[in-house]
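Colleague: Predicted coordinates and the sequence they were generated for:
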Amino acid sequence: MSEEVALPLGALPDLAPVSGLPRWRRVLGLALGLLLPTALTAALLALGSAVGLAGDALVLMLAVVVTALVGGLWAAVVCALLGSTLLNYWFIPPVRTFHIGEPHNYWTVVAFVLVGLLVSAVVHRAASTATAAARAAAEARTLSEVAKATLRGEDALPTLLEHMRRAFGMTSASLLRRDPSGSGTWQVVAARGSEAPREPELADVQLPAGEDLVIALSGRPLSGSDRAILGAFAAQAQALLERDELARAAAVAARLEASERLRDALLAAVGHDLRTPLASATAAVSSLRSRDVTWSEDEREELLATADESLARLAALVSDLLDLSRLRAGVLSVLRQPLWLDELLPPVLDELGANAAKVVVALPEDLPAVVADAALVVRVLVNVVGNALRHAPTDAPPPELTGLVNGDRVELHVIDHGAGVPARDRERIFTAFQRLGDTDNTAGLGIGLALSRGLVEAMGGTLEATDTPNGGLTMVLALPAAPGSASEVTPGTSPEPAPGPAPGARP
C-alpha cells in the first residue's frame with residue numbers, strides 16, 4: 001500500500017449540538033433580557049414625553065429582538081415579559097401603578113407581549129435551522145474527508161478512530177473484536193487516545209460495527225443524533241477492517257504464487273541443466289567400468305577428462321544454487337578488506353580458461369584499492385566476464401575490462417560489443433532463472449547475474465547494465481574505495497599514473 005495521507009486532525013469540523021445555541025450565548029441572552037429593558041426604560045424616562053407611548057413600546061420591543069438574536073427563545077420571553085411590565089408601570093396611565101386606566105391600553109400590553117413572543121419564536125426557529133444546517137454540513141464534510149483520508153492511508157483504521165475521537169470530543173476510542181475462541185473476552189483491533197477501553201462495558205458509548213465488532217468511546221454520553229453519525233463511522237471501520245484482512249490475504253497469496261513460480265523455475269532449470277553434466281559424467285564413468293570394451297590410454301584420459309569437466313560443471317551449478325539460497329536467507333558471510341583489483345585478475349583469467357586470452361584488460365595503473373571480499377569479487381568477475389565472452393560475436397571486437405574512479409567508488413566496466421540487451425529487459429537479466437532466449441545448453445541455470453548482483457550488494461557495491469556505444473552491453477561493477485586511496489582522484493575520471501614505484505608495486 002501506498003504511504004499514509006491522512007486528513008490533518010485540526011481540519012475536521014466540530015459537530016455542534018443540534019439543540020440550538022451554545023450555553024454561553026443563552027447565558028448572555030438572559031443577562032441582556034434582564035438588563036437591556038431596564039436600561040432602555042431609564043433612558044426613556046430621562047427623555048420624558050418627547051417619545052410617546054408608541055415610541056416607548058417600539059424601543060422596548062427592540063430590546064426583545066436583540067435579546068432573541070443573542071440568547072434565543074427563553075431569553076427573549078423573559079425580556080418580553082419584563083418589558084411589558086415596565087411599559088405598563090412607567091408609561092401607561094396611570095403611571096407608577098400596574099392599573100391600566102383606558103381599555104385600549106390593555107391591547108397595547110397584550111400586543112407587545114404577543115409580538116415579542118412571535119419575534120422570539122421566529123428568531124429561535126431560524127437559529128435552530130441554521131444550527132441544524134451547519135451540523136449537517138459538518139457531518140457531511142467529516143464523513144467525506146475521513147473517507148478520503150482513510151482510504152488513502154496504510155494505517156487507515158487507527159486514523160479513522162482518531163478522527164472519530166476528535167470529531168465527537170472523546171478522550172479515547174477503540175475497535176474491539178470478540179475472541180473467536182468463545183471465551184467471552186475482547187481483543188483490541190485498534191485504539192487511539194489515553195486509557196482506551198478494552199471492553200465495551202468500560203466505555204461511555206458502545207456501538208456495534210459488525211459481527212463480533214464494537215466501537216467503544218470514552219469521554220461523555222452521546223445524543224441520538226451523534227449516535228446516528230457514529231453509525232456511519234462504525235460502517236467505515238468495518239469496511240476498513242475487511243479491506244485490511246483482504247489485503248493481508250492477497251499479500252500471502254502473492255508470496256505463495258511467487259514461491260510457486262520460483263519452485264517451478266528451479267525444478268525446470270535443475271531438471272534440464274543439472275541433468276546434462278550428470279549424464280555426461282555418468283556415461284564416462286560407466287564406459288570406464290565396462291569390461292566389454294578395451295580402452296586405449298588416450299581414450300581413458302579423454303573419458304576421465306569428460307567426467308572431470310562434467311562433475312566440475314555440476315559442482316559449480318550446485319555451488320551457485322547454495323550461494324543464492326544463502327543470499328536470500330541473509331546468512332552469506334562476507335570478509336571486507338582492502339583489495340587491489342589488478343591482483344585479482346590472474347585467478348579470474350585462469351578460471352575462464354583458454355577464452356581468457358580474448359579479453360582486453362586496460363586497468364589504470366594507479367586504480368585505488370577497494371573494500372571487498374576477494375573470493376566473492378573473483379566469483380563475480382568470472383560470471384560477468386564469462387557472460388561477455390559467451391555472447392561476443394566472432395567478428396566483433398573482443399570484450400574489454402577497464403576501470404575508473406567515480407566519487408567514493410571504484411568502477412570496473414566489462415564491455416562487450418555483441419547484440420546487447422533491450423532497455424526493457426535489463427533488470428530481467430538479474431532475475432534468477434532468466435536467460436532471455438539463450439538456447440545454449442551449456443549456459444547454466446540462468447542465475448549467474450542474479451547471484452553476481454547479490455554478492456556485489458552484500459559487499460556494499462552495485463552491479464548495473466548499460467549500453468555500449470556502437471552496440472553491445474557494458475556491465476558496471478562499483479565497489480567502495482578503500483579509505484584514503486582515492487582522495488586525490490577527480491570523480492568520474494581514470495587516475496593518472498603517479499611517479500615513483502613501478503606499476504603493480506604496493507605501498
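Modeller: Arrived safely, thanks for sending. Residues are numbered from 1 along each chain as shown.

Colleague: What residues of the helix or strand harbouring residue 56 count as buried?
Modeller: Using DSSP states H and E, residue 56 maps to helix 52-71. Neighbour-count burial for helix 52-71, counted by 16 or more other Cβ atoms under 10 Å, picks out 56-57, 59-61, 63-71. For the C-beta atoms, the positions are set from N, CA and C on the backbone; glycine is no exception.

Colleague: Quick check: which element contains residue 221?
Modeller: Counting by DSSP H and E, residue 221 is found in no helix or strand.

Colleague: so what's it up against?
Modeller: 204-205 (Cβ atoms under 8 Å, 6 or more residues apart in numbering).

Colleague: Roughly how far does it sit from residue 204?
Modeller: 6 Å (Cβ to Cβ, to the nearest Å).

Colleague: So what's the residue count around residue 314?
Modeller: 18 (other Cβ atoms under 10 Å).

Colleague: In a helix, it, correct?
Modeller: Yes - assessed by DSSP: H, G, I helix; E, B strand; the rest coil, residue 314 belongs to a helix.

Colleague: Pretty sure residue 278 is one of the things it touches, is it not?
Modeller: Yes - under the criterion of Cβ atoms under 8 Å, residue 314 makes contact with residue 278 at 5.9 Å.

Colleague: pretty sure residue 475 is in a strand, no?
Modeller: Yes - using three-state DSSP, the assignment for residue 475 is a strand.

Colleague: Now do the nearest residue to it once chain neighbours are set aside against residue 351, distance only.
Modeller: What sits nearest to residue 475 in space, not counting adjacent residues and going by Cβ to Cβ, 6 or more residues apart in numbering, is residue 414, at 4.4 Å. Between residue 414 and residue 351 the computed distance is 15 Å (Cβ to Cβ).

Colleague: So residue 466: helix, strand or coil?
Modeller: Secondary structure of residue 466, per three-state DSSP, is strand.

Colleague: May I have the beta-bridge partners of it?
Modeller: residue 474 (DSSP bridges).

Colleague: can you tell me which residues contact it?
Modeller: By Cβ under 8 Å, 6+ apart, the contact list for residue 466 reads 473-474, 476.

Colleague: Produce a PyMOL select command limited to the buried residues of the residues you listed.
Modeller: Only the buried entries of those go into this PyMOL selection, using 16+ other Cβ under 10 Å:
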select buried, resi 473+474+476
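
Colleague: Let me see the domain layout of this protein.
Modeller: 23-136, 153-247, 263-329, 337-480 (automatic domain parsing).

Colleague: From the chain's centroid, how far away is the last one?
Modeller: This means domain 337-480. 36 Å (Cα atoms, centre = their mean, to the nearest Å).

Colleague: Who are the contact partners of the nearest residue to residue 95 once chain neighbours are set aside?
Modeller: Of all residues not flanking residue 95 in the chain, residue 89 sits nearest, at 7.3 Å (Cβ to Cβ, 6+ apart). Contacts for residue 89 (Cβ under 8 Å, 6+ apart) come out as 95-98.

Colleague: possible to save those residues as JSON lines with secondary structure?
Modeller: Output for those, formatted as JSON lines (three-state DSSP):
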{"residue": "95", "secondary structure": "coil"}
{"residue": "96", "secondary structure": "coil"}
{"residue": "97", "secondary structure": "coil"}
{"residue": "98", "secondary structure": "coil"}
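
Colleague: farthest-separated two in those?
Modeller: Greatest spacing in the contacts of residue 89, by Cβ to Cβ: 95 and 98 (10.5 Å).

Colleague: Tell me the first helix or strand C-terminal of whatever helix or strand residue 118 lives in.
Modeller: Element membership for residue 118 (DSSP H and E) is helix 104-152. Remark: after helix 104-152, the chain's next helix or strand is helix 156-167, criterion DSSP H and E.

Colleague: Okay, helices next: where are they in the stretch 151-300 of the chain?
Modeller: 156-167, 224-269, 275-289, 297-329 (DSSP state H, counting those that start in this stretch).

Colleague: Could you list every helix and strand that the last one packs against?
Modeller: Using 3 or more Cβ pairs under 8 Å, 6 or more residues apart in numbering; DSSP states H and E as the contact criterion, the neighbours of helix 297-329 among helices and strands are helix 275-289, helix 448-458.

Colleague: The first one vs helix 297-329, what angle?
Modeller: Between the axis of helix 275-289 and that of helix 297-329 there is an angle of 150 degrees, by axes from the mean of the first three to the mean of the last three Cα atoms, to 10 degrees.

Colleague: in helix 275-289, what's buried?
Modeller: Result for helix 275-289 [16+ other Cβ under 10 Å]: buried residues 277, 280-281, 284-285, 287.

Colleague: how far does it sit from the chain's center?
Modeller: 55 Å.

Colleague: what does it contact?
Modeller: 293, 295, 300, 303-304, 306-307, 309-311, 313-314, 317, 441-442.

Colleague: Next: stretch 44-54.
Modeller: Contact with stretch 44-54 is made by 55-56, 59, 90-92, 105, 108, as judged by Cβ under 8 Å, 6+ apart.

Colleague: Do me a favour and get the end-to-end distance for it?
Modeller: 12 Å (Cα to Cα, to the nearest Å).
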